[in-house]
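**Student:** Requesting a structural model of the entry that follows:
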Amino acid sequence: MRIFGALLLAGLLANAAPATAAGDLVRLKSEAAQISIVRDDWGIAHVHGKTDAQAVFGMVYAQAEDDFNRVEANYITALGRTAEAEGEAAIWQDLRQKLFVDPVDLQAKYAASPAWLKALMDGWADGLNYYLATHPKVTPRVIKHFEPWMALSFTEGSIGGDIEKVSLPALEAFYGQRQTAALSDDEGLKFKEPAGSNGVAIAPSITRDGHALLLINPHTSFFFRSELQMTSDEGLNAYGAATWGQLFVYQGFNEHAGWMHTTSGADTVDEYAETIVHKDGKAFYRYGAEERPVTVSTIVVPYRTPRGMARQSFTVFRTHHGPIVRAAGGKWIAIALMNKPVEALKQSFGRTKALDYASFLKVAALAANSSNNTLFADSKGETALLLPQFMPRRDDRFDYTKPVDGSDPATDWKGLHTLAELPQVQTPANGWIYNSNDSPWSAAGPNSPKRGDYPRYMDQAGENPRTTHAVRVLSARKDFTLPTLIEAAYDPYMPAFARLIPTLVAAYDAAAADDPLKATLREPIEPLRAWDDRWSADSVPTSLAVFWGEALWAKVAPDAKAAGVSVYDYMANRATPAQRLEALAEASDRLTQDFGTWKTPWGQINRFQRVNDEIIQHFDDAGASIPVPFASAQWGSLASFGARRYPDTKRYYGSSGNSFVAVVEFGDKVHARAVTAGGESGDPASKHFDDQAQRYASGNLREVYFYPYQLIGHTERRYHPGE
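**Tutor:** Numbering: from 1, shown residues only. Sure, this is the predicted structure:
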């Protein structure tokens, strides 16, 4: 073994990336020897280190083994370096990122961080660099050596960060000083899958066995997170989904507590319309009675060209509200958003070690979560819903959904709300709490927070069709178990169609006998008339309803926007009978055109396919695929499958929605079941590339091996990083 180790090390030294010095590699090998990785029979990594930092080393090394491309891609994006890989088209994306992420600033924040946090970041960088050193055939696109401070560039884990609220076309129009193809009104009205998630916390009072339960059901783009477990001798034991490359479990549980994040409808990002005055070639902005100088700086964006690397420099502007990101109505628009990377990383890691609600709240008091509602449950039977803890205090007279007057000091943020001032729910009498990216006002039935008690900016989402569905299934029983919670999570009812289909049937029945559509639709209307509003793979009405809903949406969305009402409400209450019938004719024709008959079962249309390791998936009707019975969250399906046809396909292929799904029971021991879209590995040659696909499509969650004894008979490999 010693001879083999010496030969291995010699080989590594000969082939290591230039950025990893020989002495450093010896240190990394010594550190790796103290870290163990167990791969279970689903390829999921169970990582152990003596220290938390060693656990981080091992878990990020394991992530790199599974899909280094996605790990690097996340940090290329976070650091504003996408154009270095993809060329000139990504310059504006990088400029947007660099307005908020400055390596010099992050390096200073790293240096000033507490020792325990620096150790985690050091372990993170060591794990990724050791992976590159031990895998010389892996060629990074941009980042050939990871520095510890880089971990501060991506600290929260959501699928869409606050920065993405800055419009790239508008940013280009301002700093590029030219007209761009901005998002048109029509583009913004297109039918698209809702982003977000479902979370449910069940109190012991309405469970069969007297244990709290938690549903973890993020709706993200597929393959967005890695499933793993990380443990240490310092009390860390977290299992769940880690966004590729991050050093913490983002949505998951430990032996005593679990947490599930859903995208919040709270307003925590605001725009300020600045009145600019130019004097002697310099820009000033009005603020009260003052004229303050606009801060001016230079940002350089490198980008790849066929001839090598090039650079583009931008002169950028800021006020005390934030960077200028666009112009509108003769004003410069500044954006204000959370920028607390150290606190965010502390909170993201710290919550994984919380053992009850009190310790979870202590971590939440860091107030560095700006975009997520959080569902919580623990072994004491406590359940809770928290809104984003980064909640700026504002004057509620102003409408912060639009740019507010930056020259009026009254529009400024006035610090942050305390946790006690936020809408939240704790172990309500009804026994259940949920959130589906909707408002908190229905989160616990009659025990929900009251809308009138809080400022308008604490919710901008309102309700969606999943709201109705969640209340329906959670109110239906008082004896929840893990299996029945899974049943609730995959309940096939679609409340949007339960509301909409009767209006279609009524329009058909009221149509004149000589209306040409009366004869045309005589056959397809009947299965919809008899339908129970539930999806299934063999359901023809599901196919008709989805195609009809999308066609009607396209017809009425512009009118709904003009009327200032939701598209759902417009479809239900204002669409004309002719629009309803014409949309069904279009749906029937499209089904016949694409599949030979309108009597095509939903499972023949709605498919899961994973054919390569590309981040942006390619789909092919000629390739193998799996039928998926559940449908879009747009229609109120709790199990979400965001699918559509592509330019070269007739079938619908999913690329978002249910991704990692888990149910957890907090008894004397934690018990959990889970499934990951496709599989754990990003390597098409691995059996774990798609070994969970059929389970995913059928909602057949597998047992989670949380304790070492559960891995007996379910272990594929034990090793140290580098072996």
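**Student:** okay, now residue 532: neighbour count?
**Tutor:** By other C-beta atoms under 10 Å, 12 other residues sit near residue 532. (Glycine included, C-beta is placed from N, CA and C.)
**Student:** repeat for the one 4 residues further on
**Tutor:** Counted by other C-beta under 10 Å, the residues lying close to residue 536 total 16.
**Student:** now this protein, which segments are flagged as low pLDDT?
**Tutor:** For the chain, the stretches with pLDDT under 70 are 1-20, 159-160, 178-192, 195.
**Student:** Helices along the stretch 401-550 of the chain, start to end?
**Tutor:** 465-474, 482-489, 495-510, 516-520, 522-530, 540-563 (DSSP state H, counting those that start in this stretch).
**Student:** cool, the stretch 51-200 of the chain as well?
**Tutor:** 52-78, 82-86, 91-98, 103-111, 115-134, 168-175, 185-188.
**Student:** which other residues reach the second one?
**Tutor:** Meaning helix 82-86. Here helix 82-86 makes contact (C-beta atoms under 8 Å, 6 or more residues apart in numbering) with 76, 89-91, 93-94, 141-142, 301-304, 309.
**Student:** could you redo the last one with a cut-off of 7 Å?
**Tutor:** 76, 90, 91, 93, 94, 141, 142, 301, 302, 303, 304 (C-beta atoms under 7 Å, 6 or more residues apart in numbering).
**Student:** Can you say which of the helices of the stretch 51-200 of the chain is nearest to residue 449?
**Tutor:** Comparing these by their distance to residue 449 (C-beta to C-beta), the top pick is helix 185-188, with 30.4 Å.
**Student:** Buried only: go through the contacts of helix 82-86 for me.
**Tutor:** 76, 90, 91, 93, 94, 142, 301, 303, 304 (16 or more other C-beta atoms under 10 Å).
**Student:** Put together a markdown table for these, with distance to residue 629 on each row.
**Tutor:** As requested, the buried ones among the contacts of helix 82-86 are exported to a markdown table (distance: C-beta to C-beta, whole Å):
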| residue | distance to residue 629 |
| --- | --- |
| 76 | 36 |
| 90 | 38 |
| 91 | 43 |
| 93 | 36 |
| 94 | 41 |
| 142 | 40 |
| 301 | 46 |
| 303 | 44 |
| 304 | 43 |
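**Student:** Would you point out the most distant pair within those?
**Tutor:** The widest separation within the buried ones among the contacts of helix 82-86 (C-beta to C-beta) is 14.4 Å, between 91 and 142.
**Student:** Tell me the bridge partners for the nearest residue to residue 402 once chain neighbours are set aside.
**Tutor:** The spatially closest residue to residue 402, leaving aside those adjacent along the chain, is residue 271, at 7.5 Å (C-beta to C-beta, 6 or more residues apart in numbering). Counting by DSSP bridges, residue 271 forms beta bridges with residue 335.
**Student:** separation between the residue of the chain most remote from its centre and residue 624?
**Tutor:** Largest separation from the mean C-alpha position in the chain: residue 514, at 50.5 Å (C-alpha atoms, centre = their mean). As for residue 514, its distance to residue 624 is 48 Å (criterion: C-beta to C-beta, to the nearest Å).
**Student:** and what of residue 420?
**Tutor:** 54 Å.
**Student:** neighbour-wise, which of the two wins?
**Tutor:** Neighbour count, other C-beta under 10 Å: between residue 420 and residue 624, residue 624 has more, with 11 against 6.
**Student:** in what helix or strand does the more buried one lie?
**Tutor:** Take DSSP states H and E as the rule and residue 624 turns out to sit in neither a helix nor a strand.
**Student:** how near is it to residue 380?
**Tutor:** 47 Å.
**Student:** same question, residue 346
**Tutor:** 24 Å.
**Student:** Could you check which of those two has the larger neighbour count?
**Tutor:** For residue 346 versus residue 380, neighbours defined as other C-beta under 10 Å are more numerous around residue 346 (20 against 16).
**Student:** which residue packs closest to the more buried one, ignoring adjacent ones?
**Tutor:** residue 366 (5.7 Å).
**Student:** repeat for residue 412
**Tutor:** Residue 412's closest residue in space is residue 321 (C-beta to C-beta, 6+ apart), at 7.6 Å.
**Student:** the strands in the stretch 251-400 of the chain, which residues?
**Tutor:** Assigned by DSSP state E, counting those that start in this stretch, the stretch 251-400 of the chain shows strands spanning 251-253, 257-263, 270-274, 276-279, 282-287, 290-293, 295-305, 308-319, 322-328, 331-336, 372-378, 383-386.
**Student:** can you put these in a markdown table and add distance to residue 362?
**Tutor:** Shown next, in a markdown table, are the strands of the stretch 251-400 of the chain (distance: least, C-beta to C-beta, whole Å):
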| stretch | distance to residue 362 |
| --- | --- |
| strand 251-253 | 18 |
| strand 257-263 | 12 |
| strand 270-274 | 28 |
| strand 276-279 | 44 |
| strand 282-287 | 37 |
| strand 290-293 | 38 |
| strand 295-305 | 36 |
| strand 308-319 | 34 |
| strand 322-328 | 29 |
| strand 331-336 | 27 |
| strand 372-378 | 13 |
| strand 383-386 | 13 |
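**Student:** I'd like to know how many residues surround residue 358.
**Tutor:** Counted by other C-beta under 10 Å, the residues lying close to residue 358 total 11.
**Student:** What separation do you get for it and residue 386?
**Tutor:** In terms of C-beta to C-beta, residue 358 sits 13 Å off from residue 386.
**Student:** Now for residue 162: which residues touch it?
**Tutor:** 269, 337, 338, 370, 371.
**Student:** ok so, going back, same list, the contacts of helix 82-86, but as CSV with distance to residue 257 please.
**Tutor:** Shown next, in CSV, are those (distance: C-beta to C-beta, whole Å):
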residue, distance to residue 257
76, 33
90, 40
91, 43
93, 37
94, 38
141, 38
142, 37
301, 42
302, 44
303, 45
304, 45
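**Student:** Return the closest of those residues with respect to residue 494.
**Tutor:** Nearest to residue 494 among the contacts of helix 82-86, with distances taken as C-beta to C-beta, is residue 93, at 35.8 Å.
**Student:** Would you agree the closest one is in contact with residue 168?
**Tutor:** Yes. Between residue 93 and residue 168 there is a contact at 6.3 Å, judged by C-beta atoms under 7 Å.
**Student:** Count residues in the vicinity of residue 366, would you?
**Tutor:** Residue 366: 19 neighbours (other C-beta under 10 Å).
**Student:** what do you get for residue 109?
**Tutor:** So residue 109, with other C-beta under 10 Å, has 17 neighbours.
**Student:** What's the separation between the closest residue to it other than its chain neighbours and residue 392?
**Tutor:** Distance criterion C-beta to C-beta, 6+ apart; nearest residue to residue 109, sequence neighbours excluded, is residue 342 at 5.2 Å. According to C-beta to C-beta, residue 342 and residue 392 sit 19 Å apart.
**Student:** before we move on, back to that, tell me the most buried of the helices of the stretch 51-200 of the chain?
**Tutor:** helix 52-78 (a mean of 24; mean count of other C-beta atoms under 10 Å).
**Student:** Tell me the helices and strands packed up against that helix.
**Tutor:** Contacts defined by 3 or more C-beta pairs under 7 Å, 6 or more residues apart in numbering; DSSP states H and E place helix 52-78 against strand 45-49, helix 115-134, strand 225-232, strand 237-243.
**Student:** Reformat the ones you listed as TSV; add distance to residue 557.
**Tutor:** TSV is the format used below for those (distance: least, C-beta to C-beta, whole Å):
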stretch	distance to residue 557
strand 45-49	44
helix 115-134	44
strand 225-232	32
strand 237-243	32
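**Student:** Tell me which of these sits nearest to residue 717.
**Tutor:** Among those, the nearest to residue 717 by C-beta to C-beta is strand 45-49 (9.8 Å).
**Student:** Now do the buried residues in stretch 365-379.
**Tutor:** Applying 16+ other C-beta under 10 Å to stretch 365-379 flags 366-379 as buried.
**Student:** I'm done for today, thanks for sticking with me.
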